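J.: build me a model:
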Amino acid sequence: MATCVAMLLGRTLWTRGTGGWGCEAPGLPEDAAAAGLPRMREVLAGVRVRDMAVVYEPEGLAHQVAETPKVSRAVFATLARIRSEHPVVASEDMGWGIDPPEPGPGGAYTTQIHSEYAPGLVGLSGACANAGCRLSAAWSAYTVAAECLRARPGAGARIALILAPDYAAVATFGAKRSYRAWCGALSEKDWRALSALVGDLENRPPAPMAFAEPGRRAMIVVAQGDPGRTCPLWTALRASGRVEAVIGLEEFASIAGRISAAHPANLVGSFPRRLDLDRPLTVCGVGAVAAAAALGLATAFDASHLAAERRDGDTRVAALQGRLGALEANRREMERLRSEAPEFPGNLAFRAHLVLESLAPAIPDSVTLTSFSLERTGQFELEAMVAGPVFDAEGARRTLAGRGFAPAGGEGWRYDPAVGSLRVRGRYGEALP
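T.: Down below sits the predicted model:
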């Protein structure tokens, strides 16, 4: 929703201050229709609101009724007859808008075109863009008055009377819509013309809208403060019983700020809009920062994960190297035992040498022999450490038995896989002499 920050009614500029809405009347330029525009441009350039709306009803704003099919604003601007009779719809530097088409007395649809006589809004839009904000909507007083009527469900008013210092206007709605405004101090003749547009001001009991006389339709009044100070007809208006509500400029501006910028009466809807790259660039920047942060976190996680895997690999390699060292020591011990065997027969040491040679093939590579004892009775006992990654206990038992080292029953075979220790006791083949 945009914020209504200023209202230009005729030659008077209204702005919101700390004490509410205040007005100023800048000096008249050579072109009275452009009165207030330079000052309004200065005001909008100093307002720091991203999306703003204004009520734009200068003296140089036309309100023309035209027949039209029931089409959208975009299609309306392409109709050949409309472009011929109202060239402003083809302009890109003059503001214009239309009311939603409604059926007229003969059944044909009509609309009211609100348009500038000369470029003015385009300068206000450029001043806002240079200040870093956006003029998203500009509404004629007629459009805002129509929304005031719609905001009062059940109300039967069909006339809006706008009373402000140095400005008065009458807006009529329905089948015969119109807008008539007077700028500057109104003369007695002007007030009579206004009274004629408003209708009968005699004091009569109010009648239902379905039976109301054409000249006695209900109305709402838009005024700042007491309307009696600016309108000499106010006492008669009030006494006629036709005034349904009096709306202040604060409520009038609030309703103007709530109108959707897509409404066909938006006077700046015809201007080409510059592509606002701030928001896409901001979104892309935030996305890039988030992606970089996510990538950094993923990289840190992967680095810690790789470091942990490297440490686990080093630990496994060290364990395997330790086992290989134990197996190498086992091999050297077996070679030493073989070299100590005597070469001549008939000796006890030679017999022991043969026993060891019979034992050596039965010891798997993953087993390191730590002690071996053989008595003359043939009783033997061996102890070993299992250092290899895979050890087939049952296969080793059968291999030892096949070599004559059958374990005795019960405690003859003791293997503790938790600590990798093996202990075998039994009788070797036949007793030694």
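J.: drop to CA atoms for contacts and neighbour counts, all remaining ones
T.: Noted.
J.: show the subsequent helix or strand relative to the helix or strand of the chain with the lowest mean pLDDT.
T.: Every helix and strand of the chain was ranked by mean pLDDT, DSSP states H and E. The lowest is helix 348-359, at a mean of 72. Secondary structure here is assigned by DSSP states H and E; on that basis, the next helix or strand after helix 348-359 toward the C-terminus is strand 367-374.
J.: any idea how far residue 92 lies from residue 269?
T.: When distance is defined by CA to CA, to the nearest Å, residue 92 is 10 Å away from residue 269.
J.: for stretch 296-313, give the mean pLDDT please.
T.: Taken as a whole, stretch 296-313 has a mean pLDDT of 86.
J.: likewise stretch 104-119?
T.: Averaged over stretch 104-119, pLDDT sits at 86.
J.: what residues of it count as buried?
T.: Using 16 or more other CA atoms under 10 Å as the test for burial, stretch 104-119 gives 109-117, 119.
J.: is the closest residue in space to residue 72 that isn't next to it in sequence in a helix, a strand, or coil?
T.: Closest residue to residue 72 in three dimensions, ignoring its sequence neighbours and counting by CA to CA, 6 or more residues apart in numbering: residue 264, at 7.6 Å. The three-state label for residue 264, taken from DSSP: H, G, I helix; E, B strand; the rest coil, comes out as coil.
J.: what's the neighbour count on residue 264?
T.: By other CA atoms under 10 Å, 18 other residues sit near residue 264.
J.: was I right about it contacting residue 100?
T.: Yes. Counting by CA atoms under 8 Å, residue 264 does reach residue 100; the two are 6.9 Å apart.
J.: common neighbours of the two, please.
T.: Common contact partners of residue 264 and residue 100 (CA atoms under 8 Å, 6 or more residues apart in numbering): none.
J.: how far does the top helix by length along the chain sit from its chain's centre?
T.: The helix of greatest length in the chain, counted in residues with DSSP state H as the criterion, is given as helix 278-340. Helix 278-340 has its C-alpha centroid displaced from the chain centroid by 41 Å (CA atoms, centre = their mean, to the nearest Å).
J.: which elements pack onto that helix?
T.: Helix 278-340 sits against helix 348-359, strand 367-374, with contacts defined as 3 or more CA pairs under 8 Å, 6 or more residues apart in numbering; DSSP states H and E.
J.: per-domain residue ranges of the protein.
T.: The chain breaks down by automatic domain parsing into domains covering 3-276, 337-428.
J.: pick the most deeply packed of those domains.
T.: Mean neighbour count (mean count of other CA atoms under 10 Å) peaks for domain 3-276 among those, with a mean of 18.
J.: pLDDT weak spots in the stretch 1-150 of the chain?
T.: In the predicted model of the stretch 1-150 of the chain, residues 1, 26-36 satisfy pLDDT under 70.
J.: how long is stretch 166-182 end to end?
T.: Note: stretch 166-182 ends 8 Å apart using CA to CA.
J.: pull stretch 371-385 out as PDB, backbone CA atoms only.
T.: Output of stretch 371-385 as PDB, limited to C-alpha atoms (Å, rounded to 0.1, in the frame of the first residue of the first chain):
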ATOM      1  CA  SER A 371      57.900 -70.500  23.600                       C
ATOM      2  CA  PHE A 372      58.100 -74.300  22.900                       C
ATOM      3  CA  SER A 373      59.000 -77.100  25.300                       C
ATOM      4  CA  LEU A 374      59.400 -80.800  24.500                       C
ATOM      5  CA  GLU A 375      60.000 -83.400  27.300                       C
ATOM      6  CA  ARG A 376      61.600 -86.800  26.800                       C
ATOM      7  CA  THR A 377      58.200 -88.400  27.400                       C
ATOM      8  CA  GLY A 378      56.900 -86.600  24.300                       C
ATOM      9  CA  GLN A 379      54.800 -84.100  26.200                       C
ATOM     10  CA  PHE A 380      55.000 -80.700  24.500                       C
ATOM     11  CA  GLU A 381      53.700 -77.200  25.200                       C
ATOM     12  CA  LEU A 382      53.900 -74.300  22.900                       C
ATOM     13  CA  GLU A 383      52.700 -70.600  23.300                       C
ATOM     14  CA  ALA A 384      52.300 -68.100  20.500                       C
ATOM     15  CA  MET A 385      50.900 -64.700  19.700                       C
END
